[in-house]
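Peer 1: Sequence below, structure please.
(2 chains)
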Amino acid sequence: MTAGRSHETRRYALYGWLLLTPAVALMSLFAFIPAGATAWASLFSRGTNRRPAHFAGLDNYTQLFADPTFAKVVTNNLLYAGVTIPVSTAIALGMALWANARIPARGFVRAAYFTPTMLPMIAAANLWLFFYTPGIGVIDKIAGLFGFGPTNWLGQPDTALWAIIVVTIWKESGFFMIFYLAALQTIPPDLHEAARIEGAGRWTYTRRVLLPLLMPTTLFILVNALINSVKLIDHLFILTKGGPDNASKLILYWIWEMAFSYFDAPHAAAMTVLVLIVLGIVAAIQFRVIDRRAHYR
Amino acid sequence: MSTASIAPRHTRTRWIDLDAAGALVLALAWIAPLLFAAWAAFHTPHAAVSFDLTAPWTLENFATAWERAPWLRYVFNTVMLVTIVLAGQLVLCTLAGFAFARFAFPGRDVVFILVLLQLFILPEVLIVENYAIVSKLGLADTVFGIGLPYMASAFGIFLLRQAFKSVPKELEEAARIEGCSWAGVLWKVYVPAARPTYLAYALVSVATHWNNFLWPLVITNSVETRPLTVGLSLFGAPESGVNISVISAATLLTIAPLLVAFLIFQRQFVQAFLRAGIR
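Peer 2: Purely as a prediction, here's the structure:
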């Protein structure tokens, strides 16, 4: 009996590992090994024809920290994250509440909110280019009606990053709405009824009943928005190319630029490692939160 | 709704009206960029920017955009890409999700944490090393090479594990009694039970890879492999000297397939999301 049992256990383990092997192999090849390789590469100097790459310790990092572009790009990305994460989450919640309410043309409203999600960021950037063109773009036309002069939204340091931020919020809010919508539909209507009978107004109901119930969804969305604030940079290629004067440059765009325009792989690797460390910290925090709330189990 | 007896009727109606108006205004604002692109695409650049409502409509811009780039080739490449990625993901994530959901073996929890960790190691951030690895495999500038890094999707594994876990064990036992092997159980019990999850995941995956840009930009170098997004970015580059109307026409051309598909499947899409319990 015992022998049969342990035989069974071993067979299960074998099956389990066989099933996992392809996924684990690919994951190692394109996530874990490259992450390690990047960390290793960040410790070597840039090789040239005359001088091959040599071990440089943390030189790449100190040079990176000394580079004024580093401070600029990190500040930009912090602002980008600090604005897009809360704003797109809040808009997503508002959208979901509306798209879930009994309003006329609900199908159209839902589709309209969600449409940007289906567009490639590159296409979205092309659409917004038409909005931002100085003088003849839609925004300046509207501003002109109120007597404002033309503004070079994408071409001046004060507004370029904000123009990028607006496009990102527009792009991701509708996607996050879907998650709120899904969560809202699991909330029994009786709760609303009960709250009304207790005399709770709309605002009280939203704040005291809905928001706590939506908390796991909010966490999920916040983490996704955070990841997007690193990842969503495609529109930079069309709208500003990080300019003017690095005013709208974000970290991932800078990594791409260092690696593939300036062929400066070691500094790109050092920057990548810093991003991975930050993402790792976020992951650790999220796992702790998940463990406590047991939301995913 | 039997709330009329509690709240005065007119207050309730006013709220609904305000909501409806707000929702509609936001909806219009949200599709405004698309509407203006459509306007520009069907007008001459001059008429487009002067908002001359009487200006004649034209298909000229589409003709110009169409002949200036190999769009059909780009569409073909993109369709190949999303198909390859999705096929790979479905196979790999089904196997791995099944292993996590139904097999107990040493090391499972450690590997699962690694999978969760991969959610945060974005392929986008690792473009430099992934470029080196894909090149070493001889897959640079191939459609398969664009897709390969995305096939072992942590998100997919995670979702399918959840879906498989919620399948009642009795179903599995019944199938075993009828003589099903493990593969049979997976194929006949678990995969059908997880259909909403598959649908939702497939839609998300197709939309993601149809729209992906940075990695394809890095790894492709020729018309034969370039997906639509990269083609569109080259087309719209300022150096190419095309005007806003032609760019709008090209943009509409590239987003049309996915947009039409979305409008047709909108209901199923949202439904799949809701039933898959992705939240």
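Peer 1: what about residue 220, neighbour count?
Peer 2: Picked chain A for this. The local packing of A:Phe220 (other C-beta atoms under 10 Å in any protein chain shown) involves 20 other residues. (Each C-beta comes from the backbone N, C-alpha and C, glycine too.)
Peer 1: Oops, wrong one, chain B.
Peer 2: For B:Thr220, the number of neighbouring residues by other C-beta under 10 Å comes to 22.
Peer 1: Touching, it and B:Ile146? I think so.
Peer 2: Yes. B:Thr220 lies in contact with B:Ile146 (C-beta atoms under 8 Å); the separation is 6.6 Å.
Peer 1: Now list whatever residues contact both of these two.
Peer 2: Common contacts of B:Thr220 and B:Ile146, defined by C-beta atoms under 8 Å, 6 or more residues apart in numbering or on different chains, comprise B:Pro227.
Peer 1: For the stretch 151-297 of chain A, which residues are neighbours of chain B?
Peer 2: Contact residues, the stretch 151-297 of chain A versus chain B (C-beta under 8 Å from any C-beta of the partner chain): A:170, A:174, A:178-179, A:181-183, A:185-186, A:193, A:196-197, A:202, A:216-217, A:220, A:227, A:230-231, A:233-234, A:237-238, A:252, A:255-256, A:259-260, A:265, A:268-269, A:272, A:275-276, A:279-280, A:282-283, A:287, A:296.
Peer 1: Any of those buried? List them.
Peer 2: Neighbour-count burial (16 or more other C-beta atoms under 10 Å in any protein chain shown) applied to these gives A:170, A:174, A:178-179, A:181-183, A:196, A:216-217, A:220, A:227, A:230-231, A:233-234, A:237-238, A:252, A:255-256, A:259-260, A:265, A:268-269, A:272, A:275-276, A:279, A:282-283.
Peer 1: Identify the residue spatially nearest to the residue nearest to the spatial centre of chain B, adjacent ones excluded.
Peer 2: Computing the C-alpha centroid of chain B and ranking residues by C-alpha atoms, centre = their mean puts B:Ala207 first, at 1.5 Å. Excluding the flanking residues, the one nearest B:Ala207 by C-beta to C-beta, 6 or more residues apart in numbering or on different chains is A:Met118, at 5.9 Å.
Peer 1: Could you count how many residues lie near A:Tyr15?
Peer 2: Residues near A:Tyr15, counting by other C-beta under 10 Å, number 16.
Peer 1: circling back to that earlier point, from the buried ones among the residues of the stretch 151-297 of chain A next to chain B, which ones fall inside helices?
Peer 2: Counting by DSSP state H, these place A:170, A:174, A:178-179, A:181-183, A:196, A:216-217, A:220, A:227, A:230-231, A:234, A:237-238, A:252, A:255-256, A:265, A:268-269, A:272, A:275-276, A:279, A:282-283 in helices.
Peer 1: Near B:Asp17, how many other residues are there?
Peer 2: Look at B:Asp17: counted by other C-beta under 10 Å, it has 12 neighbours.
Peer 1: for B:Val167, same thing?
Peer 2: When neighbours are counted by other C-beta under 10 Å, B:Val167 comes out with 18.
Peer 1: Do a quick rundown of the helices in the stretch 51-200 of chain B.
Peer 2: Along the stretch 51-200 of chain B, the segments classed as helices by DSSP state H, counting those that start in this stretch run B:60-68, B:71-102, B:108-118, B:127-136, B:143-147, B:154-165, B:169-177, B:182-185, B:191-193, B:195-211.
Peer 1: likewise the stretch 51-200 of chain A?
Peer 2: Secondary structure of the stretch 51-200 of chain A (DSSP H, counting those that start in this stretch): helices at A:59-66, A:68-100, A:106-118, A:121-132, A:138-145, A:157-184, A:189-197.
Peer 1: Show me the one of those helices that comes nearest B:Met80.
Peer 2: B:Met80 lies closest to helix A:121-132 among the helices of the stretch 51-200 of chain A, at 18.8 Å (C-beta to C-beta).
Peer 1: sorry, back to before: need the helices of the stretch 51-200 of chain B in a markdown table (columns: distance to B:Ala40).
Peer 2: Output for these, formatted as a markdown table (distance: least, C-beta to C-beta, whole Å):
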| stretch | distance to B:Ala40 |
| --- | --- |
| helix B:60-68 | 8 |
| helix B:71-102 | 18 |
| helix B:108-118 | 41 |
| helix B:127-136 | 33 |
| helix B:143-147 | 31 |
| helix B:154-165 | 36 |
| helix B:169-177 | 55 |
| helix B:182-185 | 54 |
| helix B:191-193 | 46 |
| helix B:195-211 | 21 |
